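Asks: predicted model follows, preceded by the sequence.
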Amino acid sequence: MNIQELKGHISHRVFELAKEVCSLTDGKHQTEHHQPCPVCRDGDNRFRFYPKEKTFHCRRCGFGGDIFQLVEKVFNESFADAYNRIAQASGYDNSVPPVKKQGQRRKVAEYVYADEHGKPHHKIIRYEYPDGKKDFPQYKMESGQWKKGKPDFEFPLRYPDVAKADTLLIFEGEKCANLVQELLGKSGRTPKIVATTVPGGSPNAKAWYAILQRFPDIGRKVRIFPDNDESGRKAAMTAADAFVRANIQYDITTHDIKIIELPGLPPKGDFVDWYKSDFVDEGKDEAACIETLSALCTRTEPVIPDIVTACLDSSTGQSCQSDGQSKLKLTCWADIEGGEPTWLWENKIAIGDLTLISGAGSVGKSFWTCYLMSHVTNGYQWIDGTPCKQEAVILFPVEGKKKIFKNRLEANGVNMKNCFLLEGEEVFDKQTKTLRFDPVNLGTRSYIESAIDGVQEKTGLPVKLLIIDPVGNFLGDVNSYKDSEVRGVLMPLQEIAERRGIAIILVAHHGKGEHHASQNQTLGSVALVNTPRAVWQIYRDKMNKDLRYFAPSKTNDAIDPTTVSFTIIKPDGQVQIKDTDIRKHADDFMHEQRQNGTPGRKPTELTEAEKFLQDILASGEKPATEIYEAAESRGIKKRTLDTAKKNLGVLSNKEHFSGRWIWELSALEDGKTILAPFEGCKNAENDEILENKAHEQDLFRRVQESHVYT
């Protein structure tokens, strides 16, 4: 029998059964559903039974629960024993006792954190469930006893050793940190190297910063090992940010902080997975693992404090701040080295920066990038007479078939020997004994630098151009409409461009809405436009659809850049330049192409908000909080957005009772916004039937809001 069957069997006599099993005694002024509490032995009849819910509660000791919890508490026994006791008393077969969900969990490990005196301060217990889920309850030491809850101050794991260490190896969890510490001991390494973490893992920047405020000397030489997922990489940046800020505050100038990415990690893998696949399965000893770690740490460049801090501030918005006295950092401009921009194409595409090229669908963006690649791979002089050196190009995977895109490359005269496609990485999975392919995305930035080194070694030419077309395809799990997440991906990409001396071109699509400025036409977060130093738009001519314009929209480094006009010769797709000295801005072309052809006509704020909603919800439902945030970044007021939502008939529903509000576009018919039909109801023309009253009330509310239901 399972628990539900037993509950059904005793449902009509729960109170009487509780009196029998728990030996409840009659108290003073006893009533039918009031008894002395069998838990705290209170004799004032504060123990009450609620017939409707079939639960018990004591107003004195606070106990509350059903009959199973009551028996567990009174007899101080397990759930299985309580189940058997109740089943036996009820006369029902209890030969197959159930297992309570909480009883399914298995205690795997216990991690005790010590204070500066080496005494237990707090601990974390690791539980695992059969379905793979994990639980990590935390306990603190109070008056010599463990009590559930977080302590006021969290020490790092192995703190007494951490305080004496020269080098800290930081991991996301205690399991990885303990394994590394064990390997260090077996390999005979110096005790001055300590593997550690904090409760909550390396993402707990507040804990690290509080530790560094109290013990600033521990943050001088740090190696951080992230898990192989987006959250792991953000966690590593967060931890690095804490150490960088503390070092700056306490005037520690070494900044020997490195983020180490373990090679060949499976998705969501950590150090334990890496050690098992690369060393245990291969029969290698502990010393080999430590030597490999040491070599990785030596090869990896230290993080740049300014870049880390900027990435954290933009990518998470949760970087830690000092609770104490802040220290102002000033640099005299006389001490900063000056210089002129370095150009791939003078006054148009800079080396060491990001450049965004945006345009509507089928306007010719990929043809234009083929034209750019033909000049760079061959060293052809640009059409306006400016020089171009022969260099190598790397291209991210393209949309559509490769053979079709290769035809475009050949039509534009690209030197194929100097042009490479970066598709991802093939990793040998030692468990399945097969090759696993990891597609490239902007979260795996190590692929990019490895590709640059590989192409330069193969061709003997420096890589000076990297094209990501379209950039939205390679954002991974990043929300393309969330500024902080997009900026968190682009800032490290900007750092690679500057450090490696290459031009990185991002290609993006236009949205469908009307906007006040051409920069706002790009689909997605405004970070796609604000982060690059230059933004160029491609438009078709209003009268001659075969004529296109490559027009400047934002140029921070270029001085009075000109627009280039071109056509695409069919059927091969060769780009032919028509004019290079057109004195028009992208805004001019945008205004010319507005509906009804009125130059300079500006859309109303409401129209812009409606178009924004149509664009952001075109790919599917989105959380309301993200939509409001994206709208605010584009200067759309909340009241205007709410009005646009009502006009468009945008549906909003909660994920669950206490969940987020989710928005989605309703269906369209003959230009009218209509409600998507509820599951379980028929068309209104055929005597609409609703499954329950809640659907009916929801439908009535929506109809009252001037929506049309068919």
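Replies: Alright, I've got the coordinates.
Asks: low-confidence regions, the stretch 1-150 of the chain specifically.
Replies: 1-2, 25-33, 42-44, 93-104 (pLDDT under 70).
Asks: do I have it right that E230 meets N479?
Replies: No. Using CB atoms under 8 Å as the test, E230 is too far from N479 to be in contact (11.1 Å). C-betas here are computed from N, CA, C, even on glycine.
Asks: neighbour count winner among these two?
Replies: A count of neighbours by other CB atoms under 10 Å puts E230 above the other of E230 and N479, at 22 against 17.
Asks: just name the shakiest helix or strand of the protein by mean pLDDT.
Replies: Using mean pLDDT, DSSP states H and E, the weakest-scoring helix or strand in the chain turns out to be strand 672-674, at a mean of 39.
Asks: quick one, domains of the protein?
Replies: 3-99, 153-315, 344-476+486-597, 605-704 (automatic domain parsing).
Asks: the residue nearest to T55 when sequence neighbours are not counted: neighbour count?
Replies: Spatially, and ignoring its direct neighbours in sequence, T55 is nearest to D66 (5.4 Å; CB to CB, 6 or more residues apart in numbering). By other CB under 10 Å, 15 other residues sit near D66.
Asks: again with E498
Replies: By other CB under 10 Å, 16 other residues sit near E498.
Asks: so it, which of the three states?
Replies: Under DSSP: H, G, I helix; E, B strand; the rest coil, E498 falls in the helix class.
Asks: I'd say it and G352 touch.
Replies: Yes. If you go by CB under 8 Å, E498 and G352 touch, sitting 4.6 Å apart.
Asks: residues touching I662, list them.
Replies: 621-624, 652-655 (CB atoms under 8 Å, 6 or more residues apart in numbering).
Asks: cutoff 7 Å now
Replies: Remark: with contacts taken as CB atoms under 7 Å, 6 or more residues apart in numbering, I662 is in contact with 621, 623-624, 652-653, 655.
Asks: how far away is the nearest residue to L421 once chain neighbours are set aside from N378?
Replies: Nearest in space to L421, with sequence neighbours left out and distances taken as CB to CB, 6+ apart, is L395 at 5.4 Å. Counting by CB to CB, to the nearest Å, the gap from L395 to N378 is 16 Å.
Asks: picking up where we left off before, among the contacts of I662, which ones are buried?
Replies: Neighbour-count burial (16 or more other CB atoms under 10 Å) applied to the contacts of I662 gives 623-624.
Asks: would you reformat the contacts of I662 as a markdown table and include secondary structure and pLDDT?
Replies: Output for these, formatted as a markdown table (DSSP: H, G, I helix; E, B strand; the rest coil; pLDDT from 0 to 100):
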| residue | secondary structure | pLDDT |
| --- | --- | --- |
| E621 | coil | 83 |
| P623 | strand | 87 |
| A624 | helix | 88 |
| S652 | strand | 84 |
| N653 | strand | 82 |
| E655 | coil | 70 |
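Asks: just curious, which of the contacts of I662 is nearest to A534?
Replies: Taking CB to CB as the measure, P623 is the one of those closest to A534, at 32.3 Å.
Asks: confirm for me that the closest one is in contact with K654.
Replies: No. Look at P623 against K654 with CB atoms under 7 Å: they stay out of range, at 10.7 Å.
Asks: about what we covered before: between L395 and N378, which is the more surrounded one?
Replies: L395 (22 against 15).
Asks: contact partners for that one?
Replies: Applying CB under 7 Å, 6+ apart, we find L395 in contact with 419, 421-422, 467.
Asks: circling back to that earlier point, report the beta-bridge partners for the residue nearest to L421.
Replies: Residues in a beta bridge with L395, per DSSP bridges, are L421, I467.
Asks: export the domains of the chain to JSON lines and tack on distance to E110?
Replies: Converted to JSON lines, the domains of the chain look like this (distance: least, CB to CB, whole Å):
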{"stretch": "domain 3-99", "distance to E110": "20"}
{"stretch": "domain 153-315", "distance to E110": "9"}
{"stretch": "domain 344-476+486-597", "distance to E110": "29"}
{"stretch": "domain 605-704", "distance to E110": "32"}
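Asks: nearest to R105, out of these?
Replies: domain 3-99 (10.5 Å).
Asks: mind checking how far that closest one is from the chain centre?
Replies: Its chain's C-alpha centre and that of domain 3-99 lie 47 Å apart, by CA atoms, centre = their mean, to the nearest Å.
Asks: need phi/psi at A163.
Replies: A163 adopts backbone torsions of phi -60, psi -30, taken as degrees, to the nearest 10.
Asks: can you tell me how far it sits from I636?
Replies: According to CB to CB, A163 stands 52 Å off from I636.
Asks: please say which of those two ends up with more neighbours.
Replies: Neighbour comparison, A163 and I636: the larger count goes to I636, with 20 against 14 (by other CB under 10 Å).
Asks: nearest spatial neighbour of that one, skipping sequence neighbours?
Replies: Nearest non-adjacent residue to I636 (CB to CB, 6+ apart): A609, at 5.0 Å.
Asks: tell me which element F68 falls in.
Replies: Taking DSSP states H and E as the criterion, the element that holds F68 is helix 67-75.
Asks: which strands and helices sit next to that helix?
Replies: If you count contacts as 3 or more CB pairs under 7 Å, 6 or more residues apart in numbering; DSSP states H and E, helix 67-75 packs onto helix 14-22, helix 79-90.
Asks: compare those helices and give me the one nearest P552.
Replies: helix 79-90 (70.6 Å).
Asks: mind listing what's buried along the helix or strand containing D453?
Replies: Assessed by DSSP H and E, D453 sits inside helix 445-459. When burial is assessed from 16+ other CB under 10 Å, helix 445-459 yields the following buried residues: 445, 447-448, 451-452, 455, 459.
Asks: any chance of the residues you listed in a markdown table, plus distance to K140 and pLDDT?
Replies: Compiled in a markdown table, the buried residues of helix 445-459 are given as follows (distance: CB to CB, whole Å; pLDDT from 0 to 100):
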| residue | distance to K140 | pLDDT |
| --- | --- | --- |
| R445 | 39 | 66 |
| Y447 | 43 | 74 |
| I448 | 44 | 84 |
| A451 | 48 | 88 |
| I452 | 49 | 91 |
| V455 | 54 | 93 |
| T459 | 60 | 92 |
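Asks: need these in a markdown table with distance to G339, can you?
Replies: As requested, the buried residues of helix 445-459 are exported to a markdown table (distance: CB to CB, whole Å):
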| residue | distance to G339 |
| --- | --- |
| R445 | 25 |
| Y447 | 30 |
| I448 | 25 |
| A451 | 27 |
| I452 | 22 |
| V455 | 26 |
| T459 | 28 |
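Asks: out of the residues you listed, which is nearest to D281?
Replies: Once CB to CB is applied, the member of the buried residues of helix 445-459 that ends up nearest D281 is Y447, at 24.3 Å.
Asks: quick check, that closest one in contact with V440.
Replies: Yes. Using CB under 7 Å, Y447 is in contact with V440, at 5.2 Å.
Asks: common neighbours of the two, please.
Replies: The contact lists of Y447 and V440 share L422, where a contact means CB under 7 Å, 6+ apart.
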